[in-house]
Each structure stands twice: as structure tokens, then as C-alpha cells.
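[1] need coordinates for the below:
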Amino acid sequence: MSTPGVIVHPGSGLLAKAAAARIVTRLIDAQTARGSASIVLTGGSIGIAVLAELARAPARDAINWPLLDVWWGDERFLPTGDPDRNETQAREALLDRVGVAPERVHPMPASDGPDGDAPERGAERYAAALADAARPEDHAEVPSFDVCLLGIGPDTHVASLFPEQPALYENERTVVAVHGSPKPPPTRISLTLPAIRAAREVWVLASGESKASAVRLALSGAGPVQVPAAGARGRSRTLFLLDRSAAAELPDGLIAPGVM
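    Residues are numbered from 1 along each chain as shown. Coordinates of the predicted model:
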């Protein structure tokens, strides 16, 4: 796994704009190299703000949207179109505004989908879709995502992997159902850490002073069972993209020079 880098922006608005610009560059580079690209989306206020900024960015049209695969890191197990679903928010912020190919958008199963109210079957379905999309050169049961976006909670959770939960011990499955989430709704579907670590790049987004302690712990060398964000690392690159408040508890030596 890669060693995390830290980039800090003065406020949440500039963080969202800068992350959106970074996505454009990353996806263009991937499409230039391989013809297509893939991204894992996250929810949360800063995650959706980044997507909204990407929709507004003039440079967004440099991305070949029909050749982009869109996945999710986690999802609330709610009916299709529910406003609390990450998919619903991502479509409103970005996906309905650009020319993505419908067949290359891969939402996690909903509670009114073909699996019914059975998140375990939904997790298995999503894992099968990931395995079908993986290529031999990926050397994994999931594609080598070009970038995996993650938020981080005040409790250090990423995706829907909460501290001390059984999913954090998972070494084989790539997608799991989550029950009893401490953050509502209680039932969710989530990528596991092995699936997240298959990404070429993992970017952890954090804004606000409520995230400062979690960011510090995630970069402290703690174990991923106690601090899930400490296990969220990309194969080639890991970035913590923060605003000044979220970086407040970090030592200066961890922060990229010239960006405060």
C-alpha cells in the first residue's frame, strides 16, 4: 500500500473545487493511457460538493464520459430514488448533467430491487458485478479503480466500515451488508477494505473541525479495526484532501508545503 500524502486547502469550497479539478486530470490521464477510466464515488456533504463542482467545471467536457465506469463505495439500503441514497445525490449533482453511459453506471442495490429486502443478496450481486468487470491484469476480484473517493466520519469510518465491526476483519469478500450502523440508516452495503485497496489511487476527503481528530488518527499508524480510515490506502497513491479545519490536529511535517 502507498504512503499517504496530505494536501490542505483554506476552506471547504476551495477543497471541493480543487478535488474536482484533480478528478478531471486523473480521469483524462487514465483514458489517455487505457481508453477508459473508472471512479468510485462517495456521499456526504463534501463528497457531493465535489461532484457538484465537477458538474460546473468547464474542463469537465475533456472527460470522455461514455467511457467512464462509475461505482460506489457504499450505499444506504433504501428504495431507489430515496433522497438519502448516495446514488440519488450523485445523479442530481453530476451524473444527470454529463453524458455518462447508463450501462456503465453501477449503483449498489436498493431495498426495492430484485433482491428484495435482503442486503446480503444485494452485496453478493454487487460483488459479482465487480468481478465481471475485473480484468486479468487487475489481479483481484474487483477492477483497479483509477480513483476511489472516500469520506471520513468523526469516528474514523470510511464507506460504511465502522470501527470494531465484523466487516473490518473481512479478507475475502469485496462487498458486505452492514447491519446496526451507528449512523442512520442502520442497514447499508459497503465495499470492504480489500476492495478499496485494489484502487490505483484512494482519496480521502474531509472538511470541518469535527473531522480533525479522525484525520489525525487515520494518519497515526493505528490499526484499521479500531480506525478504519487507517486501512484505506491505494496501490499507487493515497491522498488526504482536507480543508484547514480538518487538518487542525496534524503536525506540520505531514502537510504538503505551500498549500495552507
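[2] quick one, longest helix in the protein?
    Looking across the chain with DSSP state H, the single longest helix is helix 12-34.
[3] pull out the buried residues from that helix.
    12, 15-24, 26-27, 30-31 (16 or more other Cβ atoms under 10 Å). To be clear about C-beta, it is placed using only N, CA and C from the backbone, and glycine gets the same treatment.
[4] now, which of those residues sits nearest Pro184?
    Ser12 (23.3 Å; Cβ to Cβ).
[5] my guess is the closest one meets Ala49, correct?
    Yes - if you go by Cβ atoms under 8 Å, Ser12 and Ala49 touch, sitting 7.0 Å apart.
[6] so what does Val105 have for phi and psi?
    Dihedral pair for Val105: phi -100, psi 120, per degrees, to the nearest 10.
[7] if I look at it, how far off is Asp243?
    Distance of Val105 to Asp243, computed by Cβ to Cβ, to the nearest Å: 29 Å.
[8] with Gly234 instead?
    With Cβ to Cβ as the criterion, Gly234 and Asp243 are 21 Å apart.
[9] before we move on, what about Pro182?
    25 Å.
[10] then Arg237?
    If you go by Cβ to Cβ, the gap between Arg237 and Asp243 works out to 20 Å.
[11] check Gly223 too.
    Distance from Gly223 to Asp243, by Cβ to Cβ: 27 Å.
[12] the two - which one has more neighbours?
    Asp243 (24 against 10; other Cβ atoms under 10 Å).
[13] mind listing the residues bridging to the closest residue in space to Tyr126 that isn't next to it in sequence?
    Closest residue to Tyr126 apart from its sequence neighbours, by Cβ to Cβ, 6 or more residues apart in numbering: Val175 at 4.7 Å. Beta-bridge partners recorded for Val175 (DSSP bridges): Leu191.
[14] what's the neighbour count on Val175?
    Neighbour tally, Val175, other Cβ under 10 Å: 27.
[15] next one: the one 4 residues further on
    As a burial measure, the neighbour count of His179 was computed by other Cβ under 10 Å and equals 14.
[16] and Gly122, helix, strand or coil?
    Of the three states, Gly122 takes helix according to DSSP: H, G, I helix; E, B strand; the rest coil.
[17] how near is the nearest residue to it once chain neighbours are set aside to Val40?
    Leaving aside its chain neighbours, Gly122 sits nearest to Pro109 (3.3 Å; criterion: Cβ to Cβ, 6+ apart). For Pro109, the distance to Val40 equals 16 Å [Cβ to Cβ].
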